[in-house]
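1. give the three-dimensional model of this entry:
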Amino acid sequence: MKIIEVENLEAGYNRQPVLHGLSFELDRGEFLAVCGPNGSGKSTLIKALQRLTPLLRGTVRLDGKSLFQLKPREIASSLAYVPQVSEAVFDFTVEETVAMGRYVHQKNRLAGESVKDRLAIEEAMKLTGVTGLRNKSLSQLSGGERQRVLLARALAQETPVLLLDEPSSHLDINFQLQIYHLLRKLQLEKNKTILVAEHNLNLCLPYCQHLIFLKEGRIVAAGSPLEIINKEIIRQVFDLEVELRENTSSGLPEISFIHSLGQRTVQSEPEITDRS
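-> Predicted structure coming up:
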């Protein structure tokens, strides 16, 4: 059953569209990665699916219901969002931040947390490895630790769909793998539907069933990793020449960069000689 259906989606800011005519579907329990260069519209897509962009046209259905007819609480009951990590604006503790994921389930917040709330909060902190940080404020955490806290908050929300905007950012390679292992576990064991916007192709390919390449707000290619990972598409999307090899653990294509010391890819400023 389709849990997300998108037809001719246009979205953007200041009356200027960033996304142009996007159409795709996401099955319940599917893992989809949306990839593309900076500025291709990945983050805008994730925000548009939550009705968070001022310009929004087309058709978006969540579990068969029009996004435009749902109340904010209904959207939050279906979609949990993990943004790109940023500096803490309010200095909440880790536990307080994770507990915010339960707000959508609390009809009377003055009544405090229920037993179900407490169990969901504790499980989310345990899964993301932040239990030992519960009393620390967000300002005391590294970028990677804050990223795990934001993921814990989304897990505590207990929605069928997780939307993640570059979840590997600010994480070391160990935690990058741990996050994707966890997402895969949630998909398999709890039938979570997962959509990630990701820049690290080699990281996300072994975990997603389907892949969408965006460039300049349009879908360039869509399909399984085996179907669409090739040199021509990588060149078209990223303007980059690469080598492809098979990853021995996943059996999927893996991208290798071509390093040429004699090739300048970024125009540098002229060197300034100190004449003092």
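2. is it true that Leu19 touches Ala48?
-> Yes. Applying CB atoms under 8 Å as the test, Leu19 and Ala48 come out as touching, 6.6 Å apart. Heads up, the C-betas are built off the backbone N, CA and C, glycines and all.
3. what touches both of those two?
-> Common neighbours of Leu19 and Ala48, counting by CB atoms under 8 Å, 6 or more residues apart in numbering, are 9, 11.
4. who does the helix ranked longest in the chain touch, helix- and strand-wise?
-> Longest helix in the chain, counting residues (DSSP state H): helix 173-190. Using 3 or more CB pairs under 8 Å, 6 or more residues apart in numbering; DSSP states H and E, the elements in contact with helix 173-190 are strand 31-35, helix 143-156, strand 161-165, strand 193-197, helix 201-204.
5. show me the shaky parts of this protein.
-> Applying pLDDT under 70 to the chain flags residues 86-89, 109-111, 261-276.
6. in it, which residue is most central in space?
-> For the chain, the residue lying nearest the average C-alpha position, counting by CA atoms, centre = their mean, turns out to be Leu164 (2.2 Å).
7. can you tell me the closest non-neighbouring residue to Pro253?
-> Nearest residue to Pro253 in three dimensions, chain neighbours excluded: Ile229, at 4.3 Å (CB to CB, 6 or more residues apart in numbering).
8. quick one, phi psi at the one you found?
-> Torsion angles at Ile229 (phi, psi; degrees, to the nearest 10) stand at phi -90, psi 100.
9. what do you get for the one 5 residues further on?
-> Taking degrees, to the nearest 10, you get phi -60, psi -40 for the backbone angles of Ile234.
10. thought Phe92 was touching Ser139, still the case?
-> No. Contact criterion CB under 8 Å: Ser139 and Phe92 do not qualify, at 9.5 Å.
11. how far away is the residue nearest to Phe257 when sequence neighbours are not counted from Gln176?
-> In space, Phe257 comes closest to Val242 once its chain neighbours are excluded; the distance is 6.1 Å by CB to CB, 6+ apart. Distance, Val242 to Gln176, by CB to CB, to the nearest Å: 20 Å.
12. please apply the same query to Leu205.
-> 13 Å.
13. so for those two, which residue has more residues nearby?
-> Leu205 (22 against 19; other CB atoms under 10 Å).
14. what's near enough to touch that one?
-> Leu205 makes contacts with 33, 211, 225, 229, 247, 250, 252-254, as judged by CB under 8 Å, 6+ apart.
15. over to it: give its phi and psi.
-> Dihedral angles for Leu205 - degrees, to the nearest 10 - are phi -60, psi -40.
16. repeat that for the one 5 residues further on.
-> Here is the backbone geometry of His210 (degrees, to the nearest 10): phi -130, psi 160.
17. contacts only, for the closest residue to it other than its chain neighbours.
-> Excluding the flanking residues, the one nearest His210 by CB to CB, 6+ apart is Leu32, at 4.9 Å. Leu32 sits next to 24, 26, 194-196, 208-212 when contact means CB under 8 Å, 6+ apart.
18. of the residues you listed, which is the most crowded?
-> Going by other CB under 10 Å, Val196 tops these with 26 neighbours.
19. who does that residue form a beta bridge with?
-> Ala33, Leu164 (DSSP bridges).
20. list the contacts for it?
-> Taking CB under 8 Å, 6+ apart, one finds 31-34, 163-167, 183, 204, 208 in contact with Val196.
21. same thing but 6 Å
-> If a contact means CB atoms under 6 Å, 6 or more residues apart in numbering, then Val196 has 33, 164, 167 as its contacts.
22. swap in Thr97?
-> Per CB under 6 Å, 6+ apart, neighbours of Thr97: 149, 153.
23. wait, a helix at it?
-> Yes. Read with DSSP: H, G, I helix; E, B strand; the rest coil, Thr97 is one of the residues of a helix.
24. what separation do you get for it and Lys136?
-> 10 Å.
25. repeat for Arg153
-> Following CB to CB, the distance that separates Arg153 from Lys136 is 15 Å.
26. looking at these two, which one has more neighbours?
-> Arg153 (25 against 15).
27. fine by me, thanks again.
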